[in-house]
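>>> mind looking at a prediction? Sequence and model below.
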Amino acid sequence: MTESGARRVPASASPGATARLGAVPPLVFAGECDLLTERLAGVARGEALVLWGADRTRSFDGVTADAVRARLRTLLQMSAILTYAASVPVVKLGQIGPDEQDTGQDAEPDPSALTRRYEFSVATLNLVRALATGGYADLRQVHRWNTEFVAASSAGHRYSALADEIGRALAFMRACGPDPAQLATVEFFAAHEARSPAYDSALTRVDSRTGRRYNTSGHFVWTGGAPTRYVDHLADVRNPVGVRLGAEDGPDDVLELLGRLDPLREAGRTAFLVRMDSAALRDTLPALVEKVTAEDHRVAWICAPAPAGGERGDTRRFGDVLAEVAAFFEVHHALGTHPGGLATDLGPDSSAALDLAFLVAELCRAPGTASC
């Protein structure tokens with residue numbers, strides 16, 4: 001990956017706001033982004049699941065080593081449950097860091113804020129990479145954490161059978177003598193929301209191997225809506241990309257997006273994060289999935305319910321989140337398509353996320369389930 005190269009800096013970004021970022025090392029590398037595209041292609045083919053953990057911390061002050069470690073631990077625990085229940089690999093994707101606000105197309109970016117964002121991202125990714133490969137992610141340790149959760153949970157009686165099955169499977173693997181290193185490390189990919197044109201432009205680099213452009217802010221780049229400037233950026237880079245869909249999005253809207261983002265119909269290139277209530281999922285999602293499938297676009301469909309705590313502090317019941325996840329799986333099972341995965345909030349309290357993982361595991365293992 002080159003450290004420089006042609007960058008398309010937004011007109012609103014002053015040279016001072018992007019000059020330093022334009023010279024810093026990339027946060028991720030093109031080869032890693034290509035590997036994630038391969039992994040997401042497996043999801044699109046029904047051979048894997050995505051587990052996406054989002055941290056909704058609103059400020060840099062909440063990004064501490066303990067917080068990052070705790071959120072990674074929750075993601076690892078959920079992944080172990082889903083891997084066993086679905087019997088497919090789980091692609092682990094995390095957006096760990098402050099949930100910043102859009103700087104706006106016309107806002108003058110604050111150079112110090114952009115630099116601070118980069119520095120926090122470097123520190124967070126370095127810590128996550130060390131934990132993911134340094135023994136913290138050992139599957140046997142993760143299972144011990146899950147066993148402790150089940151023992152302390154008020155719903156532990158419901159989860160204990162699955163936890164016991166996982167324990168017996170690990171004991172069997174130990175008896176067979178697999179390479180311990182295979183149980184001690186995990187792949188972890190970073191998601192980045194494109195919401196600051198100045199930041200994204202400064203960290204978009206030309207890959208020296210291929211001459212293609214990658215946003216090196218994260219392996220996976222997505223937008224929470226479809227403003228033209230953000231979709232244009234996603235179309236311009238070779239990262240795997242995603243767009244969040246809501247009940248207002250129709251089949252023609254989705255096909256227009258795919259025409260811009262994935263004209264070659266490349267498996268693993270595009271993911272849709274579906275955020276709808278349970279009624280809209282049953283009423284709206286089938287037509288979207290059918291249209292995309294009929295046009296031979298191979299995308300990863302990810303259920304992305306609003307967090308139980310709400311996106312702006314409003315109250316949402318956990319039951320509403322579960323109902324949306326259940327509706328998402330039901331739609332795909334009825335259509336014979338693959339429910340590609342789950343995005344979940346990684347807050348300070350891991351119990352809701354782990355409850356959700358066990359309940360999704362039940363959906364995967366339900367009689368008559370065609371795929372998960």
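Sure, I can see it.

>>> looks to me like Q77 is in a helix.
Yes. Judged by DSSP: H, G, I helix; E, B strand; the rest coil, Q77 forms part of a helix.

>>> quick one: it and L356 touch, right?
No. Counting by Cβ atoms under 8 Å, Q77 sits too far from L356 to count as a contact (11.2 Å). For every residue, glycine as well, the C-beta is placed using N, CA and C.

>>> contacting residues around the residue nearest to R282 when sequence neighbours are not counted?
In space, not counting the residues next to it along the chain, R282 is nearest to A327; the distance is 5.5 Å by Cβ to Cβ, 6 or more residues apart in numbering. Each residue near A327 by Cβ atoms under 8 Å, 6 or more residues apart in numbering is listed here: S278, A279, L281, R282, L285.

>>> can you select the buried ones among these for me in ChimeraX?
Restricted to buried positions by 16 or more other Cβ atoms under 10 Å, the ChimeraX selection for these reads:
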select :278,281,285
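
>>> and which of the contacts of A327 is nearest to D349?
Minimum distance to D349 across the contacts of A327 is 23.7 Å, recorded for S278 (Cβ to Cβ).

>>> thinking again about what came up before, need the contacts of A327 in JSON lines with distance to C303, secondary structure and pLDDT, can you?
JSON lines is the format used below for the contacts of A327 (distance: Cβ to Cβ, whole Å; DSSP: H, G, I helix; E, B strand; the rest coil; pLDDT from 0 to 100):
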{"residue": "S278", "distance to C303": "11", "secondary structure": "helix", "pLDDT": "96"}
{"residue": "A279", "distance to C303": "15", "secondary structure": "helix", "pLDDT": "96"}
{"residue": "L281", "distance to C303": "8", "secondary structure": "helix", "pLDDT": "97"}
{"residue": "R282", "distance to C303": "13", "secondary structure": "helix", "pLDDT": "97"}
{"residue": "L285", "distance to C303": "10", "secondary structure": "helix", "pLDDT": "98"}
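
>>> which of the contacts of A327 lies at the shortest distance from P26?
Ranked by distance to P26 (Cβ to Cβ), the contacts of A327 are led by L285 at 35.8 Å.

>>> okay but the closest one is in contact with A334, surely?
No. Between L285 and A334 there is no contact under Cβ under 8 Å: 10.3 Å.

>>> which pLDDT does the model give H233?
We note a pLDDT of 93 for H233 in this prediction.

>>> cool, and the one 5 residues further on?
pLDDT recorded at R238 is 97.

>>> residues touching it, list them.
R238 touches A30, C33, D34, D207, T210, R212, R213, Y214, counting by Cβ under 8 Å, 6+ apart.
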